[in-house]
Structure formats: C-alpha cells, structure tokens
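Enquirer: How does the following fold in three dimensions:
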Amino acid sequence: MSSGYAHTRVRGGELFSLGKREAVLYDKGRQLDTAMSRSILIVIPARYASTRLPGKPLVKIAGVEMIKRVADIAASICRHNEDCSYVVATDDARITEFCTGAGIPAVMTAETCRSGTERCWDAVSQQETAPDFIINLQGDNPLCPPWVIQQLIDEWKACPADVFTPCIHLDWAEYDRLVESKKTTPYSGTTVLVNKDGYALAFSKSTIPAIRKPEKARETMEKSPVRRHVGLYAYTHAALKNYFELPESDYEKGCVEGLEQMRFLYNGLRVKMVEVTYRGRKTTSGVDSPEDVARVEAILAEYGEYEL
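Expert: Numbering: from 1, shown residues only. This is a model prediction of the structure:
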C-alpha cells in the first residue's frame, strides 16, 4: 500500500479518502478497517487503591456497587450498537471476583499502569481481536450520561478524526458559575478552543478564550464563547496505540497544564470535540471521597436512575 493520498476507508457503505497523516497513522497501528470490521470496545479502568476512598469501585451508591453502575451504563450502550462490547480493567483481584459474580467482563492489568489511559491500553492489548474504536469510561463515573457515550460513537461513524471527546458550550449563567468556582479552585475545570469544524485547537485549565469586553460579549452573543471539556475519551485503535510512542508535550507536565490530551494536539492528531448537554440533569465528573458518594446519591434521589 502506498503512503500517498490514495488510501480509502469504508464508512457507512461509502468510500472516502484519507489524508496522508491519517493514512500513515492507521498504517502504523493496524490494518485499515473495512465494512466487515467496525468493532467498539468500552474499557472501564478501575483501581482498588484510593487515598480518600479505599476500594472505591466496590463502594455502594444507593445500594449498588459503583463499578456495577458504570458497567450497567456500558452494557446499555452495547445493547444499542452492533459489534460492541465492554470490559472492566483492574489491578485488584477483589474487583475481578466481584465482576465475575455479577456477570461483568473483567481483565487484570499491570499494577505499573500510571493512568487510566495506560490501563485502558493494557486491556485493549489483551483482546483477541483489536477493536476499531475504544471508549475510556472511568470506573468512578457512575453518572456518565449514556447518551453522551452514544454521541461519541455516532460522531466516530460520521467524522474522520483520531480522538473524540465531549464538551459543553456554556451559556452565560454556566460561564458565571465556572468563573466563580475558579476563584477558590482555579484548576478544577478544563476549557477548550475549537475551530470552525469542531476540532480542538487548545485545552487549558485557564478559562479560554479570554473575554476582553464582557458587557459587549453578553449583548452580542447568545451563549458565552467558552466550552467546558468533559473528561471522557474515545480513540481509534491506532491513535491509542501510538499515544505512548508520541513525544510528550510541555503542556501536559504537571507544573504547567497537566493535561495528557495535549500530547495528541502537540503531535498533530485530530481531536474532535462533540458538543453535548446533560438534558437538564445534574451530574458530577467522578467519585473520589465519601462526600462525592453523598453528592451522587442526592442527584439520583432528585433525578432518578438513568433509563438504560
């Protein structure tokens, strides 16, 4: 196969051309997928160790273990998508034992995995057949809306990119709340700039873009220009495989932004931002403490369980 622009890929029964960079990326990682191979794997990284909430995957939230809640979300996505499967990726036998008893697929991963991304790839590497699309659904996110995951899948089927991740376009009230929260926890939320086609230009723990004339902006713009990133990632197989071989960006260092997704942008990969909403529900990004457990239980009491 040549390395020029003549590569084609099948999507939805139609052939379309790949650019040179994307074609090379696919050639490095795996064979080009075809209409016969469009598999999806949802990986749920789940570590037992936690400083503030030991054994948190097995902590019960409103009577149900957290890892089961997340697995149930993944299972519901698989029921609505052909050739879709899911697996819990853990480093602790207590979690695999629970999963086995609950009928949840699980694999043991290396204790040396330094992040959920590494644990995700460890689980992918153990699969008999390499999936085309991998969704990294963190095991401490029991309130992840299933429709947000589905939107990532739909976007992957429709749009050529290497990485897919959600964002929320903030209205002015949401923007005001973000600005207020950053007065006490300045690095608690990530924002993103996008180009005209919805691809990420930059991520930052600062609020971007800067709004130099707020009064005029509010008068002329229906929504704020700020998009808040939601920490859920999906990758093509090649993008995730090659992530660990790519040079690190200075921006992902903990003393700067501390954002590992900056490595993709730094190395020229395309990150598609998928604009989503929570459909009027409250949510939370993750569970790391007993206070977070109480917060999630309060949200479930107010809004009810997801219809899966």
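Enquirer: rest of the way, CA atoms for contacts and neighbours
Expert: Fine.
Enquirer: sec struct for the closest residue to Val194 other than its chain neighbours, please.
Expert: Of all residues not flanking Val194 in the chain, Ala200 sits nearest, at 4.4 Å (C-alpha to C-alpha, 6 or more residues apart in numbering). Secondary structure, DSSP: H, G, I helix; E, B strand; the rest coil: Ala200 is strand.
Enquirer: And for Ala200, the neighbour number?
Expert: Ala200 has 22 neighbouring residues, counting by other C-alpha atoms under 10 Å.
Enquirer: Over to Glu174?
Expert: There are 16 residues near Glu174, going by other C-alpha under 10 Å.
Enquirer: Break down the stretch 101-250 of the chain into its strands, ranges please.
Expert: 106-108, 133-136, 163-169, 191-194, 200-204, 227-229, 233-236 (DSSP state E, counting those that start in this stretch).
Enquirer: Give me the helices and strands touching the first one, please.
Expert: Contacts of strand 106-108 with other secondary structure elements, assessed using 3 or more C-alpha pairs under 8 Å, 6 or more residues apart in numbering; DSSP states H and E, are made with strand 84-90, helix 93-102.
Enquirer: contacts for that strand?
Expert: Val87, Val88, Ala89, Thr90, Asp91, Asp92, Ala93, Thr96, Cys99, Thr100, Ala123 (C-alpha atoms under 8 Å, 6 or more residues apart in numbering).
Enquirer: so where's the protein uncertain?
Expert: Scanning the chain with the threshold set as pLDDT under 70 gives 1-37.
Enquirer: swap the cut-off to 90 and go again
Expert: Counting by pLDDT under 90, the chain shows low-confidence ranges at 1-38, 49-52, 111, 114, 188, 254, 283-286, 308.
Enquirer: need the helices for it, in chain order.
Expert: All helices of the chain, identified by DSSP state H, fall at 20-29, 66-79, 93-102, 116-125, 146-158, 172-181, 214-220, 237-243, 262-266, 290-303.
Enquirer: okay if I get those as JSON lines plus distance to Asp250?
Expert: Shown next, in JSON lines, are those (distance: least, C-alpha to C-alpha, whole Å):
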{"stretch": "helix 20-29", "distance to Asp250": "22"}
{"stretch": "helix 66-79", "distance to Asp250": "33"}
{"stretch": "helix 93-102", "distance to Asp250": "35"}
{"stretch": "helix 116-125", "distance to Asp250": "18"}
{"stretch": "helix 146-158", "distance to Asp250": "28"}
{"stretch": "helix 172-181", "distance to Asp250": "26"}
{"stretch": "helix 214-220", "distance to Asp250": "31"}
{"stretch": "helix 237-243", "distance to Asp250": "15"}
{"stretch": "helix 262-266", "distance to Asp250": "9"}
{"stretch": "helix 290-303", "distance to Asp250": "32"}
